[in-house]
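>>> got a structure for you, letters missing:
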């Protein structure tokens, strides 16, 4: 398996990062991470973020920005990311009222299209990061496929979260290959548990999400320590053209997040992806 740069989604260590971002970045660099994906900047200016990245040698690869924040100031969002040399912005989720079949879905599509065009004009590529609800059907196809058919690859590319693809009942390897050439950034994420009923095991960036009826007990795990075929998923991501692999673990129930971050990158070393 070929080697690839690996980044860490800072949402995975959000409490630590909100208290001392620089210390988190230093720890990640020491582990061998090459870059980070942001999910907010904890009040730091672009100058401060640039200084911390320069001090640690990490690259700002991507950034999750909620759709409501995009709608408030599209150019301002782009200008911030240009200032820190971040080449990708990802829409991380859609609120429930903007899911497929809901009144807000059409407006969400318009926002993604408009913002994607503006990103392209500014040298940034827009991505969409999925959960499991995008595998509900609209007009006879999954919402995720509807979304990517509605937007050309020059406007919107994928950021598949391989955990939620599998949790939704699909094969993450097959989905990565289906969108080969449109998968520059891939989330490697592992878990144990199984979907049953209509509940959800996650909370979306602070939204109150019910966890009842989510299925068999669900727990996030470091990459390679859960139900995913870690080697097969990573290989499929690279075959599909991924330029960056991103480790994400929404919660670390048994360890502090950075301990799990080290376990995850250890898996990639065993697979020969990292030195």
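On my side now, so go ahead. Quantities reported herein were computed from a predicted structural model and do not represent experimental measurements. Numbering: from 1, shown residues only.
>>> going forward, measure contacts and count neighbours with C-alpha atoms only.
Will do.
>>> List the buried residues in stretch 79-93.
Using 16 or more other Cα atoms under 10 Å as the test for burial, stretch 79-93 gives 81-82, 84-93.
>>> now swap in stretch 137-145 and tell me
Within stretch 137-145, the residues that count as buried by 16+ other Cα under 10 Å are 138, 143-144.
>>> Nearest to residue 274 among the residues you listed?
Residue 274 has its nearest neighbour among the buried residues of stretch 137-145 in residue 144, at 30.5 Å by Cα to Cα.
>>> which residues touch the closest one?
The contact partners of residue 144, taken as Cα atoms under 8 Å, 6 or more residues apart in numbering, are 130, 134-135.
>>> Check residue 79 too.
Contacts of residue 79 (Cα under 8 Å, 6+ apart): none.
>>> How much space separates it from residue 89?
12 Å (Cα to Cα, to the nearest Å).
>>> next one: stretch 183-190 to chain centre, how far?
Its chain's C-alpha centre and that of stretch 183-190 lie 7 Å apart, by Cα atoms, centre = their mean, to the nearest Å.
>>> Just the ones in helices from the buried residues of stretch 137-145, please.
Judged by DSSP state H, the buried residues of stretch 137-145 include 143-144 as members of helices.
>>> Compile the buried residues of stretch 137-145 into CSV and extend it with columns for distance to residue 4 and pLDDT.
Below are the buried residues of stretch 137-145 laid out as CSV (distance: Cα to Cα, whole Å; pLDDT from 0 to 100):
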residue, distance to residue 4, pLDDT
138, 35, 86
143, 30, 96
144, 26, 97
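>>> any common contacting residues for residue 79 and residue 89?
Counting by Cα under 8 Å, 6+ apart, residue 79 and residue 89 have no contacts in common.
>>> Tell me, how many residues neighbour residue 253?
By the measure other Cα atoms under 10 Å, the count of residues near residue 253 is 11.
>>> where's it, which helix or strand?
Residue 253 is part of no helix or strand when elements are defined by DSSP states H and E.
>>> Strands of the stretch 101-250 of the chain, residue ranges please.
Under the criterion DSSP state E, counting those that start in this stretch, the stretch 101-250 of the chain contains strands at 125-129, 137-138, 141-142, 157-159, 185-188, 190-195, 215-221, 244-247.
>>> between the ones you listed, which one is nearest to residue 254?
Residue 254 lies closest to strand 215-221 among the strands of the stretch 101-250 of the chain, at 9.0 Å (Cα to Cα).
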